[in-house]
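>>> give me the fold of what follows.
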Amino acid sequence: MKKLFLSLVMITGLVFTMNAQTLTKQQQDRVKETVKMNTAKLHLNADQSAKLEKSLLDCIAEQNQMAKTEPNPEKQKAQMMTIQTKYQEQFSTCLTPEQKAEMAKNMKEQQAIRANQAKTASKTTATKPATTAKPATTAKPATAVKH
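Predicted coordinates for the structure are as follows:
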């Protein structure tokens, strides 16, 4: 039984390491920051933090893989959301009802912030004056010089 448990731990660690290796340094840093933030906001215990980190790493790895194989941006976006929802639901099973409520509240706040940022960005690009290209200078026709 002990050997089986140790084997399972080693395999899980190997899969975890393989997923971490497929992520960029920026993605790994973002996962660590997200885990740190959510651990504080949701008062996660060590087990929950570890599950969140694994869930985020797996989610991003799956999204990266999908992005390599799906050329259509609209399909990519839909699939990204499906993958993200799958892992959010998977992680939320280890939360208490209070933590689930807090997570839902935090997600709504983040969505509002993103929507506001998108709105601000679209206003900024809409108010920028359009730059017009200067008309090409045309050469003046040569005039014949009369002597």
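
>>> give me the residue at the spatial middle of the protein.
Centroid-nearest residue in the chain: Ile60, 7.3 Å away (criterion: CA atoms, centre = their mean).

>>> mind listing what that one touches?
Neighbouring residues of Ile60 by CB atoms under 8 Å, 6 or more residues apart in numbering: 23, 27, 31. Using the backbone N, CA and C atoms, a C-beta is placed for each residue, glycine as well.

>>> of all these, which comes closest to Thr93?
Nearest to Thr93 among the contacts of Ile60 is Val31, at 19.3 Å by CB to CB.

>>> burial measure for the closest one, as a count.
20 (other CB atoms under 10 Å).

>>> quick revisit: any chance of the contacts of Ile60 in TSV, with pLDDT too?
As requested, the contacts of Ile60 are exported to TSV (pLDDT from 0 to 100):
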residue	pLDDT
Leu23	90
Gln27	94
Val31	96
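
>>> low-confidence regions, this structure specifically.
The chain contains residues with pLDDT under 70 at 1-21, 125-147.

>>> all helices for it, in order.
2-21, 25-42, 46-69, 73-92, 97-127 (DSSP state H).

>>> burial count for Gln28?
Applying other CB under 10 Å, we find 15 residues neighbouring Gln28.

>>> count the neighbours of the closest residue to Lys32 other than its chain neighbours for me.
Computed as CB to CB, 6 or more residues apart in numbering, the closest residue to Lys32 that is not its neighbour in sequence is Glu53, at 7.6 Å. For Glu53, the neighbour count with other CB under 10 Å is 20.
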